[in-house]
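Student: heads up, no residue letters with this:
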C-alpha cells in the first residue's frame with residue numbers, strides 16, 4: 001500500500017466487516033477509566049492521530065481527539081490501524097522515495113479545470129502528498145481562483161502570504177504553477193514538522209505554526225477549526241467517490 005498521505009482515515013467512514021476484538025492495541029478504553037492523557041494511533045499508511053480515549057464503534061475505532069486537536073472524535077476502520085502508542089514514543093512516518101506516485105490519480109474526480117488538475121497532480125506527486133488533499137486545500141483557500149487575493153494579502157490558488165511565498169522561493173505568486181508549487185512545498189514542510197499529523201499541519205497552514213505550538217494543536221479559533229473540518233470532509237468525500245467507483249470494477 002502506498003504511504004502517500006491519505007486522509008480518508010481521518011473521517012467517518014463506511015463500516016467494514018472487521019471484529020472489534022481485532023483492533024490492535026486491545027479493547028475499548030471507556031470514558032473515565034484512564035486519565036485523559038494524549039495517546040497516538042499509528043495508521044498503516046504511516047501517519048498518526050492524537051487522541052485521549054478510544055471506543056469501539058462496530059468495525060471501527062472511535063478516537064476522541066486531544067483538546068488541542070479540535071472538538072469531537074473521528075472513526076477509523078480497525079483494519080487501517082497499526083497500533084496505539086504513548087504520545088512521546090510515536091513513530092514518525094516513513095518518508096517514501098522521491099519517485100513515489102499516487103495509487104489513484106485524482107484526474108477525472110476533482111471538480112476543477114484540467115490544467116489545474118494536472119498541475120496539482122504533478123506537484124503533489126513530487127512532494128509525496130495525495131493530489132486530492134492538495135486540491136481540497138486549494139478549494140478551501142481560493143475556490144480554485146488563481147487570481148484570488150484575501151483582505152490580509154494572501155494570494156493565488158493556495159493563498160500564500162508574500163513573506164511565506166518569498167521563503168518558499170515563489171517569485172510570481174499569481175502564477176498558478178508557482179503558487180501550487182509553493183503551497184504544496186509548505187504543506188510538506190508542515191507534515192514533516194508535525195510527524196504526519198495532518199490536522200496540525202492544516203491548522204498551521206491556516207493560523208500559523210506559532211499558534212499551533214502555543215495551543216498544542218488546533219487553536220481555539222472558529223475559523224481555523226471550521227477550515228480543518230472543511231478540508232477533511234472534502235477530502236473524504238473524494239475518497240468515498242473513488243471507492244464507490246472502484247467497487248463495481250473489482251467485482
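Tutor: Yep, that arrived. As the structure is a prediction and not an experimental result, all values here were calculated from the model.

Student: Following the chain onward from the helix or strand where residue 137 lies, which element is next?
Tutor: Assigned by DSSP states H and E, residue 137 belongs to helix 131-142. Under the assignment DSSP H and E, the closest C-terminal helix or strand after helix 131-142 is helix 162-167.

Student: for that following helix, packing partners?
Tutor: Counting contacts by 3 or more CB pairs under 8 Å, 6 or more residues apart in numbering; DSSP states H and E, helix 162-167 is packed against helix 176-193. Quick note: C-beta positions are derived from backbone N, CA and C, even for glycine.

Student: Could you measure from residue 181 over to residue 81?
Tutor: From residue 181 across to residue 81, the span is 34 Å (CB to CB, to the nearest Å).

Student: Residue 123 and residue 179 touch, don't they?
Tutor: No - counting by CB atoms under 8 Å, residue 179 is not a contact partner of residue 123; they are 9.9 Å apart.

Student: Give me the contact list for stretch 167-177.
Tutor: With contact meaning CB atoms under 8 Å, 6 or more residues apart in numbering, stretch 167-177 is reached by 115-116, 119, 123, 146-147, 155-157, 160, 162, 165, 178-179, 181-182, 185-186.

Student: Could you tell me which of those residues count as buried?
Tutor: Neighbour-count burial (16 or more other CB atoms under 10 Å) applied to the contacts of stretch 167-177 gives 116, 119, 123, 146, 155-157, 160, 165, 178-179, 181-182, 185-186.

Student: just these now: which is nearest residue 38?
Tutor: The nearest member of the buried ones among the contacts of stretch 167-177 to residue 38, counting by CB to CB, is residue 186 at 25.5 Å.

Student: Tell me who's in contact with the closest one.
Tutor: Contact partners of residue 186, counting by CB under 8 Å, 6+ apart, are 158, 160, 164, 168, 205.

Student: which residue packs closest to the fourth one, ignoring adjacent ones?
Tutor: In this case it means residue 168. Leaving aside its sequence neighbours, residue 168 sits nearest to residue 182 (CB to CB, 6 or more residues apart in numbering; 4.1 Å).

Student: in stretch 201-219, what's buried?
Tutor: For stretch 201-219, the neighbour count (16+ other CB under 10 Å) marks 201-207, 209, 211-212, 215, 217-219 as buried.

Student: Can you name every helix or strand that the host helix or strand of residue 124 contacts?
Tutor: Following DSSP H and E, one finds residue 124 within helix 114-126. Applying 3+ CB pairs under 8 Å, 6+ apart, one finds that helix 114-126 makes contact with helix 131-142, helix 176-193.

Student: Those into CSV, with extra columns for distance to residue 51?
Tutor: CSV is the format used below for those (distance: least, CB to CB, whole Å):
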stretch, distance to residue 51
helix 131-142, 21
helix 176-193, 19
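
Student: Of those helices, which is nearest residue 239?
Tutor: Using CB to CB, the helices and strands packed on helix 114-126 put helix 131-142 closest to residue 239, at 6.9 Å.

Student: pretty sure residue 37 contacts residue 52?
Tutor: Yes - Residue 37 is within contact range of residue 52, at 7.0 Å (criterion: CB under 8 Å).

Student: Which one's more surrounded, these two?
Tutor: residue 52 (19 against 10; other CB atoms under 10 Å).

Student: other SSEs contacting whichever helix or strand the more buried one is part of?
Tutor: Residue 52 is part of strand 48-57, with elements assigned from DSSP H and E. For strand 48-57, the helices and strands in contact under the criterion 3+ CB pairs under 8 Å, 6+ apart are strand 39-43, strand 60-65, strand 73-77.
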